[in-house]
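1. No letters, just coordinates:
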Ligand SMILES: NC(=O)c1ccc[n+]([C@@H]2O[C@H](COP(=O)([O-])OP(=O)(O)OC[C@H]3O[C@@H](n4cnc5c(N)ncnc54)[C@H](O)[C@@H]3O)[C@@H](O)[C@H]2O)c1
C-alpha cells in the first residue's frame, strides 16, 4: 500500500555516535509510519558525509551537497567531529555549512525533565520544570568573521580577531519567534539573555531590539538577564523560566547546561528551523559525536528521537510528535535507561523499548 503522505528525508549520521543514534531514530520513525495504516511514510536518503568523507576527499560533504539537500522535506542529522580532523574544519564544513547556507536561523532546544530520570537539580523533585532555549542560529559570535595575522613577524607575534555580528533584522526575527512560541505555552514569558554590561555595542543593540519587540506582545511577560546570572538561574530558579532567547554562543552553552540539569546531554533534542520554509530544516540531537563511547552501542538515542519528534511537528504531524514523546516518557519511566543516566540499557534496548511503547 502506498502512503498518502511520503516525506523525503535526508539522513546525515556523520560521525561517532551520530551513526548509532540516527539509525535508532530512523527505526523508531519507520515503526511509527508502519503503524499509521498508510497515512504517512518516510523516503530516506542517507548521505555518508562527515570526517571519514573528509579523510577520503578533503571535503566534509559533496561539492554539490547543498544543492542536493535543497530538494528534501527535512534533514535528520547525527553529530559531526572526530579526532584527527580539527573541530572547526568538521563543524564549518558540514553542520554550519548547512545551517548558514539554508538560513536555519532559529534553533529550538527544549529542556525536558523525564519521568524516571534523576536530575542533579534538587528543585526538579518538587517543581514542574519545562523550558525551551531559543538560539539565534545565523550570526552573533558564530558569524565566522575575523582572521589571524602577523605570524610572519616571528614567534609568538600572531594576532587573532574573532568578531560577533549582530544585525537588527537578525535579532528581531529570533525575538519575535521566541515571543510567538511563548504564546503557545502555559507560561507566557520570554527571558532575554544579554551581556550588555560588558559588550556595549552588539549586546546593547540586542537589548534595544528586545525592548522594542516586547512592546508588540503585551500579553507575554518579558525580562532581560545577564548571561552569568542566567547560568545561576538555570540551577537555582529554573521554575521561573519558560522561553529563553539568546545569542548563538550564549544559547549553545546554556542549552548544554539545561540538558545536563535534565539528566544528560544524551537527552537533548533540537530543531534548526528556516521558519519561512525556503529551505529544508534540520533536526539533530544537541550532543556531539562522543568518541569516548562511539561504536560500543552505549549511546543514548533519546536526544535523536526527541529531535525526530520535533521534525514530525514541523512536517505537520503534531499528533505523531506527541505519540513519540509519550513513548519516550514511557521508556524512561519504565527504567530503560542508558549508562549516562545511571542505567545499563544499550542503544538497542532503548530503541526496542521505544518501538514497543508505540505499540507497533
Ligand atoms: N552538533 C554537533 O555535531 C556537535 C556538538 C558538540 C560537539 N561536537 C563534536 O563532537 C566531538 C566530541 O565533542 P565533546 O566530547 O565536547 O561533546 P560530546 O557531546 O560528543 O560528548 C560530551 C560527553 O557527553 C557524552 N554523550 C554525548 N552524547 C551522548 C549520548 N547520546 N549518550 C550518552 N552519552 C553521550 C559523551 O560520552 C561525553 O562524555 C568533537 O569533535 C566536537 O566538535 C559536535
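-> Arrived safely, thanks for sending. Just so it is clear, the structure is predicted and the values come from calculations on it, not from any experiment.
2. Surely residue 33 is in contact with residue 6?
-> No: with contact defined as Cβ atoms under 8 Å, residue 33 does not count as touching residue 6 (9.1 Å). Where you see a C-beta, it was placed from the backbone N, CA and C, and this is true even at glycine.
3. overlap in contacts of those two?
-> Counting by Cβ atoms under 8 Å, 6 or more residues apart in numbering, the residues touching both residue 33 and residue 6 are 40, 41, 42.
4. Need the three-state assignment for the residue of the stretch 101-250 of the chain found nearest the ligand.
-> Of all residues in the stretch 101-250 of the chain, residue 107 sits closest to the ligand, at 10.3 Å by Cβ to the nearest ligand atom. Secondary structure assignment for residue 107 (DSSP: H, G, I helix; E, B strand; the rest coil): strand.
5. That one touches residue 132, doesn't it?
-> No: using Cβ under 8 Å, residue 107 is not in contact with residue 132, being 10.7 Å away.
6. Give me the more crowded residue out of the two.
-> The neighbour comparison of residue 107 against residue 132 (other Cβ atoms under 10 Å) goes to residue 107, with 25 against 20.
7. What's the first helix or strand after the longest helix that the chain contains?
-> Using DSSP state H, we find that the single longest helix of the chain is helix 17-34. Next helix or strand after helix 17-34 toward the C-terminus (DSSP states H and E): strand 40-46.
8. rewinding a little: who touches both of residue 107 and residue 132?
-> What both residue 107 and residue 132 touch, as defined by Cβ under 8 Å, 6+ apart, is an empty set.
9. got a list of what the nearest residue to residue 119 once chain neighbours are set aside touches?
-> Computed as Cβ to Cβ, 6 or more residues apart in numbering, the closest residue to residue 119 that is not its neighbour in sequence is residue 263, at 5.5 Å. Residues in contact with residue 263 (Cβ under 8 Å, 6+ apart) are 113, 114, 117, 118, 119, 120, 341.
10. go with 6 Å
-> Taking Cβ atoms under 6 Å, 6 or more residues apart in numbering, we find residue 263 in contact with 117, 119, 341.
11. do residue 304 as well
-> Contacts of residue 304 (Cβ under 6 Å, 6+ apart): 21, 25, 285.
12. rewinding a little: the ligand next: which of the shared contacts of residue 33 and residue 6 are close?
-> Among those, no residue lies close to the ligand (Cβ under 6 Å from any ligand atom).
13. What about the closest residue to residue 327 other than its chain neighbours, how many residues nearby?
-> Once flanking residues are discounted, residue 327 sits nearest to residue 357: 3.8 Å by Cβ to Cβ, 6+ apart. If you count neighbours by other Cβ under 10 Å, residue 357 ends up with 20.
14. picking up where we left off before, min pLDDT across the contacts of residue 263, which one?
-> pLDDT across the contacts of residue 263 is lowest for residue 119, at 91.
15. Check the burial of that residue by counting its neighbours.
-> Neighbour count for residue 119, taken as other Cβ under 10 Å: 17.
16. Residue 36 now?
-> Considering only other Cβ under 10 Å, residue 36 is surrounded by 17 other residues.
17. what pLDDT does it get?
-> Listed pLDDT for residue 36 reads 92.
18. just to revisit the earlier point, adding neighbour count, distance to residue 161 and pLDDT, write the shared contacts of residue 33 and residue 6 out as a markdown table.
-> Output for the shared contacts of residue 33 and residue 6, formatted as a markdown table (neighbours: other Cβ atoms under 10 Å; distance: Cβ to Cβ, whole Å; pLDDT from 0 to 100):
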| residue | neighbour count | distance to residue 161 | pLDDT |
| --- | --- | --- | --- |
| 40 | 19 | 49 | 96 |
| 41 | 18 | 50 | 96 |
| 42 | 22 | 45 | 98 |
